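Student: I'll drop the sequence and a predicted model, then ask my questions.
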Amino acid sequence: MDALISGCAGRALLVDGGSLRSFDVDDPSKLVPRTPADFAYLFGEMQDLRVLENIDIESVRQELKHASDSALALDLVLISLDPDLPDDIRQEAIEGLDELLADARVAERLENILYARPLPEDADLEGALKLCSAGLSSRASDLLQSLKERQSLISEVSDAWDILPSKIFGEEKTEFQHVAVREGLFRALVLNRESQASVNTFLMSALLNPSLQVMRNYRQVLQKWADAFRQENRTPVIRPEMDKLIATESLTKTRQRRRRRSIDRGAVLQNVESQKAMIVNAMRHDELGRVRKFVGELVKYQLKNGEPVFAAKSLCDLAAEAKGLGMFALQVELTEQSTRVKPDDAWSWRQHADALLSSGQPAEALRAYEQADAFGGGAVAKNGRADTLKALGRLNDALDAYDAVIADYPENDVARGGRADTLKALGRLNDALDAYDAVIADYPENVVSR
């Protein structure tokens with residue numbers, strides 16, 4: 001038997017031949033028959049899905065409990081560090097965290113995540129430590145104190161990762177980083193630097209990790225990462241790069257507010273996914289009145305039970321469904337609502353811009369991309385703006401926009417390819433040919449440029 005588990009969803013899916021069954025961490029004895037179509041509603045877009053092969057059901061239950069406890073421990077850390085929350089809520093989170101840290105595996109998995117990125121400036125670590133002392137939460141205090149003392153090392157290791165050239169990863173940098181965090185490589189390298197051991201000790205262990213051996217160019221990636229600590233007095237220079245894993249696993253203020261212990265996260269998620277399924281079904285039957293009614297109820301529910309960013313994300317998910325069904329006007333409507341729910345969300349503005357382009361409104365899309373860029377949309381938003389300028393026929397402006405992206409993101413092959421396309425459209429064919437050749441030289445797998 002094989003299984004899929006998600007600690008964040010608190011759910012496991014058992015795959016036994018042609019039979020599918022699921023159970024929740026809070027009721028592991030209740031097995032619910034499932035079909036392949038249920039998969040999206042069981043797990044949504046959870047980033048922590050794990051595959052367990054050739055395993056018995058009791059082991060699945062144990063793994064799910066550990067994964068769920070680890071996810072809860074991370075939530076409780078985020079709450080404890082949030083200076084905007086009342087002390088009694090933070091204190092309660094610390095007490096719950098202290099209980100979970102009695103499991104050494106939970107503690108290690110938590111450190112694997114926390115050591116991957118330095119804490120944001122607004123994280124109130126000192127306040128959390130004071131609350132630990134007041135409540136005699138020794139395990140939580142030890143974890144947070146170690147986290148405090150290792151911040152400079154965490155920054156060094158994180159910075160060394162960020163300067164690794166994107167081209168050695170191909171399309172897998174995000175996935176590689178996700179695996180590296182899960183397998184504890186960031187934590188291992190931080191501890192290696194703290195003990196002043198040879199970096200070769202870390203490298204040998206990492207190279208033998210089976211989960212990393214399946215990643216593209218894993219030897220080259222690990223060796224270049226380790227090289228940063230073989231050269232003394234080296235100060236890494238970080239490229240401003242949007243990374244999906246940083247967005248999902250860094251200790252941002254949004255995630256600090258993600259959950260209150262009084263809310264049953266699993267129940268909220270299940271309700272949200274059920275409502276989204278009803279909305280998609282109404283879309284497929286072209287019942288726009290029901291779509292708008294259900295969407296209004298969903299947004300109201302999510303705003304009551306969580307942060308606006310989650311409601312905005314649901315609206316963008318539904319907009320993607322509308323786009324797939326060719327309902328471009330509805331796609332625009334849903335993404336516009338997303339930007340109203342969370343006006344400073346770069347992702348919502350990017351999705352709104354894409355919707356406007358799909359519906360033949362490039363001028364409005366340009367303004368939306370500019371909003372996304374203003375709110376930190378990174379290279380994707382900047383490239384979208386350049387693409388839209390090109391679509392509007394403003395070729396010289398588009399060329400300037402691509403050049404600006406390349407100046408900030410030298411390894412961005414999308415911008416470099418877009419620049420070559422624009423040179424071709426301008427009739428500068430020799431310059432375009434040189435630009436395509438440069439992209440191909442650095443990215444031989446780029447079939448579009450070829």
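Tutor: Here it is on my side, so go on. The model shown is predicted, which means the values in this text are computed figures rather than measured ones.
Student: With adjacent residues omitted, what lies nearest to Val157?
Tutor: Leu189 (4.9 Å; C-beta to C-beta, 6 or more residues apart in numbering). Heads up, the C-betas are built off the backbone N, CA and C, glycines and all.
Student: Would you mind stating the distance between that neighbour and Asp403?
Tutor: Leu189 is 36 Å from Asp403, where distance means C-beta to C-beta, to the nearest Å.
Student: So those two - more neighbours on which side?
Tutor: Leu189 (28 against 13; other C-beta atoms under 10 Å).
Student: I'd assumed that one was in a strand, is it?
Tutor: No: assessed with DSSP: H, G, I helix; E, B strand; the rest coil, Leu189 is helix; it does not lie in a strand.
Student: Touching, it and Phe202? I think so.
Tutor: Yes: using C-beta atoms under 8 Å, Leu189 is in contact with Phe202, at 5.4 Å.
Student: Could you tell me which residues touch both of the two?
Tutor: Shared contacts of Leu189 and Phe202 (C-beta atoms under 8 Å, 6 or more residues apart in numbering): Ala226.
Student: And Gly427, its phi and psi?
Tutor: Gly427 adopts backbone torsions of phi 80, psi 10, taken as degrees, to the nearest 10.
Student: What is the burial count for it?
Tutor: 9.
Student: quick one: it and Ser449, what's the gap?
Tutor: Counting by C-beta to C-beta - Gly427 and Ser449 are separated by 19 Å.
Student: Report the buried residues of stretch 95-110.
Tutor: Judged by neighbour count (16 or more other C-beta atoms under 10 Å), stretch 95-110 contains these buried residues: Glu95, Gly96, Leu97, Asp98, Leu100, Leu101, Val106, Ala107, Arg109, Leu110.
Student: so of the residues you listed, which ones are in helices?
Tutor: Glu95, Gly96, Leu97, Asp98, Leu100, Val106, Ala107, Arg109, Leu110 (DSSP state H).
Student: I'd like to know the average pLDDT value across the helix or strand harbouring Gln275.
Tutor: Gln275 belongs to helix 265-284 when elements are defined using DSSP states H and E. In this model, helix 265-284 has an average pLDDT of 79.
Student: pull the CA atoms of the helix or strand just after that helix into CSV?
Tutor: Once helix 265-284 ends, the next helix or strand along the chain (criterion: DSSP H and E) is helix 288-305. As requested, the backbone C-alpha atoms of helix 288-305 are provided in CSV (Å, rounded to 0.1, in the frame of the first residue of the first chain):
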residue,chain,number,x,y,z
LEU,A,288,-23.4,33.0,-13.1
GLY,A,289,-26.0,34.1,-10.6
ARG,A,290,-25.1,31.1,-8.4
VAL,A,291,-21.4,31.7,-9.0
ARG,A,292,-21.6,35.3,-7.7
LYS,A,293,-23.7,34.2,-4.7
PHE,A,294,-21.4,31.4,-3.7
VAL,A,295,-18.3,33.6,-4.2
GLY,A,296,-19.8,36.2,-1.9
GLU,A,297,-20.4,33.6,0.8
LEU,A,298,-16.9,32.1,0.4
VAL,A,299,-15.2,35.5,0.7
LYS,A,300,-17.3,36.4,3.8
TYR,A,301,-16.5,33.1,5.4
GLN,A,302,-12.7,33.3,4.7
LEU,A,303,-12.5,36.9,6.0
LYS,A,304,-14.2,35.8,9.2
ASN,A,305,-11.9,32.8,9.7
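Student: Restricting to C-alpha, output the helix or strand following helix 288-305 in PDB.
Tutor: Remark: after helix 288-305, the chain's next helix or strand is helix 308-324, criterion DSSP H and E. Only the C-alpha atoms of helix 308-324 are listed here, as PDB (Å, rounded to 0.1, in the frame of the first residue of the first chain):
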ATOM      1  CA  PRO A 308      -7.600  38.500   3.600                       C
ATOM      2  CA  VAL A 309      -4.700  36.900   1.700                       C
ATOM      3  CA  PHE A 310      -6.400  33.500   1.800                       C
ATOM      4  CA  ALA A 311      -9.700  34.900   0.400                       C
ATOM      5  CA  ALA A 312      -7.700  36.600  -2.300                       C
ATOM      6  CA  LYS A 313      -5.900  33.400  -3.100                       C
ATOM      7  CA  SER A 314      -9.200  31.500  -3.400                       C
ATOM      8  CA  LEU A 315     -10.500  34.200  -5.800                       C
ATOM      9  CA  CYS A 316      -7.400  33.800  -7.900                       C
ATOM     10  CA  ASP A 317      -7.800  30.000  -7.900                       C
ATOM     11  CA  LEU A 318     -11.400  30.400  -9.100                       C
ATOM     12  CA  ALA A 319     -10.300  32.900 -11.800                       C
ATOM     13  CA  ALA A 320      -7.900  30.300 -13.100                       C
ATOM     14  CA  GLU A 321     -10.800  27.900 -13.400                       C
ATOM     15  CA  ALA A 322     -12.800  30.500 -15.200                       C
ATOM     16  CA  LYS A 323      -9.900  31.100 -17.600                       C
ATOM     17  CA  GLY A 324      -9.700  27.400 -18.300                       C
END
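Student: how far off helix 288-305 does helix 308-324 point, in degrees?
Tutor: Taking axes from the mean of the first three to the mean of the last three C-alpha atoms, to 10 degrees, one finds helix 308-324 and helix 288-305 inclined to each other by 160 degrees.
Student: any idea of the mean pLDDT in helix 308-324?
Tutor: 89.
Student: Chain neighbours aside, what residue packs nearest to Lys426?
Tutor: Quick fix: residue 426 is Leu, not Lys. Leu395 (5.2 Å).
Student: May I have the residues that are in contact with the one you found?
Tutor: By C-beta under 8 Å, 6+ apart, Leu395 lies in contact with Leu389, Thr422, Ala425, Leu426.
Student: do you know how far Val181 is from Arg50?
Tutor: Taking C-beta to C-beta, one finds Val181 at 13 Å from Arg50.
Student: Looking at these two, which one has more neighbours?
Tutor: Val181 (19 against 14).
Student: The more buried one in helix, strand or coil?
Tutor: Val181 ends up helix, using three-state DSSP.
Student: I'd guessed it sits against Leu110; true?
Tutor: No: look at Val181 against Leu110 with C-beta under 8 Å: they stay out of range, at 11.5 Å.
Student: who touches both of those two?
Tutor: Joint contacts of Val181 and Leu110 (C-beta under 8 Å, 6+ apart) do not exist.
Student: and Leu13, helix, strand or coil?
Tutor: strand.
Student: For burial, what's the neighbour tally of it?
Tutor: Leu13 - counted by other C-beta under 10 Å - has 22 other residues nearby.
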